[in-house]
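[1] can't give you the sequence, but here's the structure:
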């Protein structure tokens, strides 16, 4: 099946290779050439004994049955482009895989070096390979001034289309110490992509991956949307574009009702920087949410948020992707108008990432 327009992927992934990333590390970190770094996966995707073992404690592919798998180095940029053509995809906005969990790194000096190395790698190996590739830059978020500098560099010099902040690991993203960062993002007009993750407390002991994955992603996005709204991020920065990714969209109407109810009772006292109903900020037009093709209540979300703030994401090549079928299943839905479906599959992501219509 061929789509009548080029699809925009708001959230595709690469499998970042340790050996290449290590070559981009600067300073003393770049001198460590002969061992697997504790925070970076080796060529097989295994973690070298460090704190990112959350990704190696389960075989998410169930023995290779799920996801898109290939030889060492898969997917290459050319692998991605071949697959993109299967779903009429014109543009892919790239995110990492193992480094989705980079927020658990507690050494801030190393965090700055690693995020810079990853961003340089993406700019050199992917963005220069094809104009169909776009990317979000990793931010060393606890180091706010370094994050501002890196955002400026990536957006104004390296051609990135946004920045990525993990929904888990950096605490609550509405904290006032981060407001300087949001002010600069608003000034630059760059997208801030909050990517869901495993929102698990130390007291929780999930015995199976399905338990953690089911609950963690939507809960992490709920927490961050709530906190950013209550702490005045959307009041102070009305033109800031924020996207909440990889948790679907049908949690949003519930969360808006929940926040409005709490705000009506306690907002006058506890949320001085949230001066309107929380739902008014989320419906204002600058907050975007990713959709899953199987969500039955997408029309209800559109009635709440409007049709121009929902975005398609392939999640390819991860274990739970459904690409290219996910594209076609959205396009063939009979409970959405053609304009709404085109918005989800193309137009809204173009606006969020600030891409040209020809991208």
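    Done, it's in. Every value quoted in this text rests on a predicted model; they were computed, and no experiment measured them.

[2] In the helix or strand that contains residue 21, which residues are buried?
    Element membership for residue 21 (DSSP states H and E) is helix 18-24. Buried residues in helix 18-24, counting neighbours by 16 or more other C-beta atoms under 10 Å, are found at 18, 21-22, 24. Every residue, glycine included, has its C-beta placed from N, CA and C.

[3] want to try CSV for those, with distance to residue 306 as columns?
    Output for those, formatted as CSV (distance: C-beta to C-beta, whole Å):
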residue, distance to residue 306
18, 43
21, 40
22, 45
24, 41
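
[4] Closest to residue 334 out of these?
    Nearest to residue 334 among the buried residues of helix 18-24 is residue 21, at 45.1 Å by C-beta to C-beta.

[5] just to revisit the earlier point, state the next helix or strand along the chain beyond the helix holding residue 21.
    helix 77-86.

[6] about what we covered before: reformat the buried residues of helix 18-24 as TSV; add distance to residue 273 and pLDDT.
    Compiled in TSV, the buried residues of helix 18-24 are given as follows (distance: C-beta to C-beta, whole Å; pLDDT from 0 to 100):
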residue	distance to residue 273	pLDDT
18	42	78
21	39	87
22	42	84
24	39	91
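
[7] hang on, the earlier thing: give me the helices and strands touching the helix holding residue 21, please.
    Secondary-structure packing of helix 18-24 (3 or more C-beta pairs under 8 Å, 6 or more residues apart in numbering; DSSP states H and E): helix 108-122.

[8] got the buried residues for the helix it packs on?
    Buried residues in helix 108-122, counted by 16+ other C-beta under 10 Å: 110-122.

[9] now do stretch 228-244
    Buried-residue list, stretch 228-244, by 16+ other C-beta under 10 Å: 228-235, 237, 240-244.

[10] Give me the mean pLDDT for that stretch.
    Stretch 228-244 shows a mean pLDDT of 98.

[11] chain center to the helix holding residue 21, what's the gap?
    22 Å (C-alpha atoms, centre = their mean, to the nearest Å).

[12] again, but for stretch 13-27
    Centre-to-centre, stretch 13-27 and its host chain are 19 Å apart (C-alpha atoms, centre = their mean).

[13] Now do it: distance from first to last residue.
    28 Å (C-alpha to C-alpha, to the nearest Å).

[14] again, but for stretch 315-323
    8 Å.

[15] show me what contacts residue 343?
    Residues in contact with residue 343 (C-beta atoms under 8 Å, 6 or more residues apart in numbering) are 307-308, 310.

[16] Go through the residues you listed and flag which are in strands.
    Applying DSSP state E to the contacts of residue 343, the entries found in strands are residue 310.

[17] where in the stretch 1-150 of the chain is pLDDT low?
    Scanning the stretch 1-150 of the chain for pLDDT under 70 picks out the ranges 32-58.

[18] Least confident of the contacts of residue 343?
    Among the contacts of residue 343, residue 307 carries the lowest pLDDT, at 79.

[19] so residue 173 makes contact with residue 224?
    Yes. Contact criterion C-beta atoms under 8 Å: residue 173 and residue 224 qualify, at 4.9 Å.

[20] Look at those two and report which has more neighbours.
    Remark: of residue 173 and residue 224, residue 224 carries more neighbours, 25 against 22, as counted by other C-beta atoms under 10 Å.

[21] Just give me the longest helix of the protein.
    Longest helix in the chain, counting residues (DSSP state H): helix 209-230.

[22] Please enumerate residues in contact with that one?
    By C-beta under 8 Å, 6+ apart, helix 209-230 touches 57-58, 60, 167-168, 172-175, 194, 196-200, 206, 234, 242, 244-248, 251-252, 255, 259, 263, 267, 270-271, 273-274, 278, 281-282, 287, 320.

[23] Just the residues you listed: which are in helices?
    Going by DSSP H, the helices hold 234, 252, 255, 259, 263, 267, 270, 278, 281-282 from these.

[24] Farthest pair within those?
    252 and 270, at 22.3 Å, using C-beta to C-beta across the ones in helices among the contacts of helix 209-230.

[25] what about the two, which has more around it?
    residue 252 (27 against 11).

[26] Touching, the more buried one and residue 301? I think so.
    Yes. Counting by C-beta under 8 Å, residue 252 does reach residue 301; the two are 5.8 Å apart.

[27] between those two, what contacts are shared?
    Looking at what touches both residue 252 and residue 301 (by C-beta under 8 Å, 6+ apart), the common residues are residue 289.
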